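Chemist: coordinates only, sequence not included:
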């Protein structure tokens, strides 16, 4: 038995609500005005904003534009406007203030809706919670900064070692010269000087290798950040 148009529409709406209810965000359609006046919303509106869906529709209790963090509002407005002018979708990360005052990171991916004459009539898209991603990014940045700091300390200390080793090599050279002048009496001193020279050269190579590795690490960290 074929379903009636009303039953089909009800089933479609049920499927639609089920699908949007599973996403960590909500779908919207709004007017392109200063308030981003919401006319259609579906999904986890309450969980993301702290406001019931009905409270945001037609700015009944709060306008969505007022939820956007003041420091991000200009970025959002400009991003949407530039995308509309370019005829493409926007993809923007920004913060919102929830009903209880909490700050939450969201991502909005949306586009403009035009009528048959090409007039812009609505904006629509999806807003999802990206708090987890932002926390991971912050932790990753912190770890990179810590590694970079340690790397910088290693480089600084290695440079000191290299400087001291240059002095040690010079001392060994001078000792060898004095031992040669002293002849037989300076033979023992010459042996010590040779050992000092070998130690300086061996340690110097290790210090230079550490320095090279640290510089390479520094470059890689710089490229990632």
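Modeler: Okay, I see it. Bear in mind that the values here come from a model prediction, so they are computed numbers and not experimental data.
Chemist: any idea of the mean pLDDT in the longest strand along the chain?
Modeler: Criterion DSSP state E: the longest strand present in the chain is strand 103-114. For strand 103-114, mean pLDDT rounds to 96.
Chemist: contact partners for the closest residue to residue 114 other than its chain neighbours?
Modeler: Excluding its sequence neighbours, the residue lying closest to residue 114 (CB to CB, 6 or more residues apart in numbering) is residue 120, at 5.6 Å. (Glycine included, C-beta is placed from N, CA and C.) Each residue near residue 120 by CB atoms under 8 Å, 6 or more residues apart in numbering is listed here: 32, 84, 112, 113, 114.
Chemist: give me the pLDDT for the first one.
Modeler: It refers to residue 32. In this model, residue 32 carries a pLDDT of 95.
Chemist: correct me if wrong: it contacts residue 113.
Modeler: No - using CB atoms under 8 Å, residue 32 is not in contact with residue 113; the gap is 9.2 Å.
Chemist: joint contacts of these two?
Modeler: In contact with both residue 32 and residue 113: 120, 121, 122, 123, using CB under 8 Å, 6+ apart.
Chemist: name the element the third one belongs to?
Modeler: Element membership for residue 122, per DSSP states H and E: strand 120-129.
Chemist: tell me the strands beside that strand, with direction?
Modeler: Strand 120-129 has its sheet partners listed here by DSSP bridges as strand 25-30 (antiparallel), strand 103-114 (antiparallel).
Chemist: so which bits of the longest one are buried?
Modeler: Applying a neighbour-count criterion of 16 or more other CB atoms under 10 Å, one finds 104, 105, 106, 107, 108, 110, 111, 112 buried in strand 103-114.
Chemist: ok so, going back, please indicate which of the shared contacts of residue 32 and residue 113 are buried?
Modeler: Buried among the shared contacts of residue 32 and residue 113 (16+ other CB under 10 Å): 122, 123.
Chemist: which two of the shared contacts of residue 32 and residue 113 have the greatest separation?
Modeler: 121 and 123 (9.1 Å; CB to CB).
Chemist: who touches both of those two?
Modeler: By CB under 8 Å, 6+ apart, residue 121 and residue 123 have these common neighbours: 32, 113.
Chemist: ok, residue 104 to residue 129 distance?
Modeler: Between residue 104 and residue 129 the distance is 7 Å, computed by CB to CB, to the nearest Å.
Chemist: so what sits against both of those two?
Modeler: Looking at what touches both residue 104 and residue 129 (by CB under 8 Å, 6+ apart), the common residues are residue 48.
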